[in-house]
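Colleague: Pasting a predicted model and its sequence here:
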Amino acid sequence: MAVALGGLVSLPGWANNWNQATLPSGTSLLAPRADALLAEVVETIIPATNTPGAKALGVHTFIQKIVTDCMEPSAQETLTKGLTAVEALARKNDSQSFASLDASQRTALLKTMSQSTEPDQKEFFSLVKGLTIRGYMSSEYVMNNIVHYEMVPGRYHGCVPVVAKNTTSKNQQNK
């Protein structure tokens, strides 16, 4: 009984939205330069408009945490090798780093990766795009300000004035 009660008390903490402060810090999967590159990649996928972009919401940190804690080592390898490939393609095609490219060049490079015949590039893009969308849509900002998520919908309003309506039906009026 005590375990069940403890689970019910801590349930709101588990079901809550995430933000950068709620992600536990620990050893990072990526080096700082690779982390910055991942931040630019997710910003290219969901750029800032009248709402914050994926980079501003820390989706790159979310992706690292999910890949590190919840996925197989092969996904971790896909992420690290894919980031290396992104930088290599940017330097090969445009002679500059991915971060230095403008938005259209970044988009074209990621589109090239998504349509590549190399399975590693396609797998990297698919992994990052899926986790970017998931991380963005489940972030605290989106859930509170765009989706207006309510953890427990249906409020009870006990003290609401009742306005009496005319309950006379048309049949009674015609008699």
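Modeller: Done, it's in.
Colleague: pLDDT weak spots in the protein?
Modeller: 1-27, 167-175 (pLDDT under 70).
Colleague: how about the strands of it, start to end?
Modeller: Counting by DSSP state E, the chain has no strands to list.
Colleague: what about the helices in it?
Modeller: 2-15, 32-45, 59-70, 73-94, 103-114, 119-137, 140-145, 170-174 (DSSP state H).
Colleague: residue closest to the middle of this structure?
Modeller: Residue closest to the mean C-alpha point of the chain, counted by CA atoms, centre = their mean, is Gly135 at 1.5 Å.
Colleague: sorry, back to before: can you put the helices of the chain in CSV and add distance to Pro161?
Modeller: Every residue, glycine included, has its C-beta placed from N, CA and C. Shown next, in CSV, are the helices of the chain (distance: least, CB to CB, whole Å):
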stretch, distance to Pro161
helix 2-15, 32
helix 32-45, 50
helix 59-70, 46
helix 73-94, 57
helix 103-114, 54
helix 119-137, 39
helix 140-145, 30
helix 170-174, 26
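Colleague: Figure out which of those is closest to Ala164.
Modeller: Closest approach to Ala164 among these is made by helix 170-174 (16.3 Å; CB to CB).
Colleague: List phi and psi for Thr49.
Modeller: phi -130, psi -130 (degrees, to the nearest 10).
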